[in-house]
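Asks: sharing a sequence plus its predicted fold:
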Amino acid sequence: MAQVEAKKKQEVKVKIDYLPATEDFKKNYAPEAIVETIRTDAKNFFGVQDRQERDTYFYYLTFRGERIEDTNVTLESLVKKAKSAHFSLVEQITAGRF
Amino acid sequence: MTPYPPIERWRLPEAACEQTRAAVKPAGRRGVESGVFWLGRRAGVSEITAVVHPIGEGVEETPFYWSVSPEVYAAVAAWANLRRLTLLAVAHIHLSAAQPRMSPTDRTQGLKVPDALAIILPRGGREPAVDAWGWFVYEDSDYRELESRERAGRVELCAGEVEFANVEADGKGVA
């Protein structure tokens, strides 16, 4: 029980905003959670998906104003010992050929 | 709970229309397209309370399209988040005086969330009559035009103040 409590205390409160959305995505993650998992959860919450149509749509996360280029890292490696972290989800559209 | 509550009507201060035209007309005079974001608090009746004009590096204003880089978009998101505002609409100009139609680029690169508005100002933003603007709403995975009667019923022009800001990629917001 004590170990469970200790583990819960380690979780990071993640909040992600998306400009067109009213609600933020909020969920607690273990520090060792992979950022790509969080990105996927956020995309599902906001109802968007990376995709290629005529153009290519990709949704990335920013943290402290910087784009997260490598999402195959742990949450802890980004936020260090912070108990909470605020990200933004941003749409990138790469125009395809006409 | 949905992050996109349905919108039945929009309250649009006339000041937002004027600020929009003031922001985009210089580009129109140069023969290129430009645009702004309309922000507010999303609800059944959503009021536009801010007009954001993206500027600087990452904003492409050309004779054929207007586009904003993800970095600029992120800066707008940061600006909006501080004020708890949501992106409700994107307004941009076409240079032609013809009845505004959404181009394939407008459709594919526009805001794609339910009840998002896309507004097109013809004549490079010189047209003051909102009835002559193109009004489109995103529904069922595509934009459809709001015909004039529906537009008049769902978009209420009103009095009121609107915050205006130029926002650029480094996060500067200049009122």
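Replies: Alright, I've got the coordinates. Numbers count the residues shown, from 1 in each chain, chains lettered A, B, ... in the order given.

Asks: per-residue pLDDT of the closest residue to B:Gly134 other than its chain neighbours, please?
Replies: Nearest in space to B:Gly134, with sequence neighbours left out and distances taken as Cβ to Cβ, 6 or more residues apart in numbering or on different chains, is B:Pro100 at 2.8 Å. C-beta coordinates here come from the backbone N, C-alpha and C atoms, glycine included. We have a pLDDT of 95 for B:Pro100.

Asks: quick one: the helices in chain B?
Replies: Using DSSP state H, the helices of chain B run over B:14-30, B:70-82, B:104-109, B:148-154.

Asks: confidence-wise, which of these is weakest overall?
Replies: Of all those, the minimum mean pLDDT falls on helix B:104-109 (a mean of 84).

Asks: name the helices or strands packed onto that one?
Replies: Using 3 or more Cβ pairs under 8 Å, 6 or more residues apart in numbering or on different chains; DSSP states H and E as the contact test, the elements touching helix B:104-109 are strand B:142-145.

Asks: same thing but at 10 Å, please
Replies: For helix B:104-109, the helices and strands in contact under the criterion 3 or more Cβ pairs under 10 Å, 6 or more residues apart in numbering or on different chains; DSSP states H and E are strand A:84-94, strand B:66-68, strand B:86-93, strand B:117-121, strand B:134-139, strand B:142-145.

Asks: look up how far chain A lies from B:Ser96.
Replies: Distance, B:Ser96 to chain A, by Cβ to the nearest Cβ, to the nearest Å: 19 Å.

Asks: which pLDDT does the model give the closest residue to that residue other than its chain neighbours?
Replies: Distances taken as Cβ to Cβ, 6+ apart place B:Pro122 nearest to B:Ser96, at 6.1 Å, with adjacent residues excluded. On pLDDT, B:Pro122 comes in at 97.

Asks: hmm, back to that, torsion angles phi and psi at the residue nearest to B:Gly134?
Replies: phi -60, psi 130 (degrees, to the nearest 10).

Asks: on that earlier part again, residues in contact with the residue nearest to B:Ser96?
Replies: By Cβ atoms under 10 Å, 6 or more residues apart in numbering or on different chains, the contact list for B:Pro122 reads B:28, B:93-101, B:129, B:132-134.
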